[in-house]
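[1] Next input, structure requested:
(chains A and B)
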Amino acid sequence: MFRWPGREQPLVFPDISLAAGEHLFLHGPSGTGKSTLLGLLAGMQTPQTGSISLLGQQTSAMRAGARDRFRADHMGVIFQQFNLVPYLSALANVTLPCRLSALRRARADRHPDTAASELLKELGIPESHWHHGVTELSIGQQQRVAAARALIGAPEIILADEPTSALDTDNRDRFLDLLLTLARERQCSVVFVSHDRSLASHFHHQLALGGTP
Amino acid sequence: MSKVRLALSLATASLWYRRKVLALVCLTLALSVTLLLGIQYLRTEVRQSFTSTISGTDLIVGARSGQLNLLLYSVFHIGDATNNIRWSTYQKLAQDKRIDWVVPVSLGDSYRGYRVVSTNAQFIERFRYGNDQPLELTTGHWFTGLFDVVLGAGVARQLNHQAGDRVVLSHGGGRTSFANHTDLPFTVSGILAPTGTPVDQAVYISLEAMEAIHVGWESGIALPGRTLTEEKAKTRSFEPDAITAAFIGLDKPILTFQLQRELNQYREEPLSAILPGVALSELWRMMGQFEKALLGISAFVVITSLTGLVAVLLTIQAQRQQEVAVLRATGAPPILIASLYSFECVVLALAASALALLLGAGAIAGLGPWLLEQYGIQIGLRGLNRAEWLLLGLVPVAAFVVSLLPALRSWQKSRKLGFAGSGG
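    Below you'll find the model as predicted:
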């Protein structure tokens, strides 16, 4: 259970458990706490009651600093939009997790720039865009750069908050394919939030939020 | 350590990204730092130049008066002497074995507002200013003939005189005088090089010439028939009765205090002997309050522009929510977000300080010769002294302190930040 400060109504979530390497699709109407659940999983908030265990560690009991470190080490995050640091190049945006976490850097297995270049290539970002400001990229390209950032250093968990809602159908399917394929290669679990239920078939599990508390 | 490097590289990238907005703030800060540093620099220079208005002179002797009064009329030509010294006293001083040299000066007349200093050849030979610099002539030579006059650099520039010009001195001080020595005009024999001292603002004639032009003026005005003509004057020899003051140089400077005491207790007439260095510092202490106020004002200007910088950073903060959300989601701790603001502020201040150094050096190098030429103020380029480096170093420190405000705000906000920038 989690209650935002200043709001009467607490959000209550069902018990969720996900095996390593499996993907979960979360859907539900807005206001049902999809993003809040991702925030709790990411360790940016802690639940008032209940607990969260990830990779065998009870993250909800950790201190704020330890949760930040856990997120840097084990999680990749993709937002709906504005995913990138505007003043960094595409490549620098992708290598950001390696600079924040020694573990991610070590797992990238070679120089972060090389790992990032490979990911960007696989995600179809033209090489001419790698060293330029990310504001020149299209929305679809920005989302794919964000996916590369989430995937670099093979984190165990990827949290994606409606990453396809700003994309057209072609881009959406391509994005999802690429994300899930690359995640599978790295044995990442993807927790994917969307209100577009047609995407659910790509995932091992699906869960509807919005049950009344 | 790698976090600090990350924060630094993010901060510089962010500054570069926002360079158009921040360039103006940086320029404002740079200008105010230039002002602060410039005033501190000029303070040192002006004090240096002021306290070395006269150097190499061990004692100044005049009629009994306060040391500031004596200093003001003998060196700065401000105000009037309380009394004269007898010529016999001067001769005794000149013969004293402890004394190396004596430069007599007699004041009283003026030339279009500039003081006439009557002296002898010892003046050009012995007078020193600044760092023991002797006087030099840009054109012509020191007076040799009875009616030769040498002009200070400022006088020649202001009145546009060249060597060979004929000038008429006035009786007494003041810009407009009704009593002029019209029948005995002088010829400009030389012009002194600029020194940045009161020497530039005076004209120099011989003691004999001073006597010659005052023959027949005993009652204060020229009595017709009693004054001399040029031809008559040149055939006579003159010896003054009195002089106004004397600059003294000693063989052994260690005897300065002994001689000063003796002169102050001189039995034949009341004298005052002063140490020019001591009197100059006392005078500077009196005027020093003003420059301190000026420095204080410029410090406030810097504080004002730092406040402006923080205001801009706080405004930018609102535009940075997405970026902060991304960094937080990637695992950046709140302290890293906060440190971005401090780093950016300090880097900006360092850039502004460097720019201020360049601006200041450029201004001094560019304006220095012009200042000396136009105003007789000598300001040259030199390395910064410790106080100036300290002042400059305080700018990034102050920038860091003021950056704590936006840093603390962003630290608090980013701690409460939810997923994708919601909440908080």
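[2] rest of the way, CA atoms for contacts and neighbours
    Fine.
[3] Can you get me a residue count around the one residue in chain A that gets nearest to chain B?
    Using C-alpha to the nearest C-alpha, the closest approach of chain A to chain B is made by A:A72 at 4.1 Å. Other residues lying near A:A72 total 29 when counted by other C-alpha atoms under 10 Å in any protein chain shown.
[4] cool, B:D148 as well?
    22.
[5] what pLDDT does the residue lying closest to it once chain neighbours are set aside get?
    Take B:D148 and drop its neighbours on the chain: the residue closest to it by C-alpha to C-alpha, 6 or more residues apart in numbering or on different chains is B:T187, 5.1 Å away. At B:T187, the model reports a pLDDT of 92.
[6] Repeat that for A:G211.
    pLDDT, A:G211: 54.
[7] so who does the residue of chain B found nearest chain A touch?
    Using C-alpha to the nearest C-alpha, the single residue of chain B nearest to chain A is B:G331, 4.1 Å away. Contact analysis of B:G331 by C-alpha atoms under 8 Å, 6 or more residues apart in numbering or on different chains lists A:D68, A:R69, A:F70, A:R71, A:A72, A:D73, A:P97, A:L100.
[8] do that again at 10 Å, thanks
    By C-alpha atoms under 10 Å, 6 or more residues apart in numbering or on different chains, the contact list for B:G331 reads A:42-44, A:65-77, A:96-97, A:100-101, B:325.
[9] nearest spatial neighbour of it, skipping sequence neighbours?
    Take B:G331 and drop its neighbours on the chain: the residue closest to it by C-alpha to C-alpha, 6+ apart is A:A72, 4.1 Å away.
[10] got the contact list for the one you found?
    When contacts are counted by C-alpha under 10 Å, 6+ apart, A:A72 is found next to A:42, A:66, A:96-104, A:155, B:327-333.
[11] what do you get for B:V167?
    Here B:V167 is in contact with B:111-112, B:147-149, B:161, B:181-182, B:184-188 (C-alpha under 10 Å, 6+ apart).
[12] Looking at the contacts of A:A72, which are in helices?
    A:42, A:66, A:96-100, A:102-104, B:327-329 (DSSP state H).
[13] What distance do you get for the residue most central in space within chain B to B:P276?
    With distances taken as C-alpha atoms, centre = their mean, B:V46 lies nearest the centre of chain B, 2.3 Å away. Counting by C-alpha to C-alpha, to the nearest Å, the separation of B:V46 from B:P276 is 17 Å.
[14] next one: B:L135
    As for B:L135, its distance to B:P276 is 18 Å (criterion: C-alpha to C-alpha).
[15] who has more neighbours, these two?
    Using other C-alpha under 10 Å as the criterion, B:L135 and B:P276 rank with B:P276 on top: 25 against 18.
[16] residues contacting the more buried one?
    B:51-60, B:67-68, B:70-71, B:75, B:247, B:282.
[17] ChimeraX command to pick out the buried ones of the residues you listed?
    Restricted to buried positions by 16 or more other C-alpha atoms under 10 Å in any protein chain shown, the ChimeraX selection for those reads:
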select /B:51,52,53,54,55,56,57,58,59,60,67,68,70,71,75,247
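[18] Select from the contacts of B:P276 every entry located in helices.
    B:T51, B:Q67, B:L68, B:L70, B:L71, B:E282.
[19] between these, which is closest to A:V191?
    Nearest to A:V191 out of the ones in helices among the contacts of B:P276 is B:T51 (C-alpha to C-alpha; 78.6 Å).
[20] how about the residue nearest to the closest one when sequence neighbours are not counted, secondary structure?
    Distances taken as C-alpha to C-alpha, 6+ apart place B:L280 nearest to B:T51, at 5.6 Å, with adjacent residues excluded. Three-state assignment for B:L280 (DSSP: H, G, I helix; E, B strand; the rest coil): helix.
[21] Could you tell me which residues make contact with B:L280?
    Counting by C-alpha under 10 Å, 6+ apart, B:L280 touches B:R47, B:F50, B:T51, B:S52, B:T53, B:I54, B:Q67, B:L68, B:L71, B:L72, B:V75, B:M286.
[22] from what I can see the fourth one touches B:G277, true?
    Going back to what we said before, that points to B:S52. Yes - with contact defined as C-alpha atoms under 10 Å, B:S52 counts as touching B:G277 (7.9 Å).
[23] Might you report the residue contacts of the residue lying closest to B:P253 once chain neighbours are set aside?
    Excluding the flanking residues, the one nearest B:P253 by C-alpha to C-alpha, 6+ apart is B:D58, at 7.0 Å. By C-alpha under 10 Å, 6+ apart, the contact set of B:D58 is B:99, B:247-257, B:260, B:273-277.
[24] List buried residues within the residues you listed.
    B:99, B:247-250, B:253, B:256, B:260, B:273-277.
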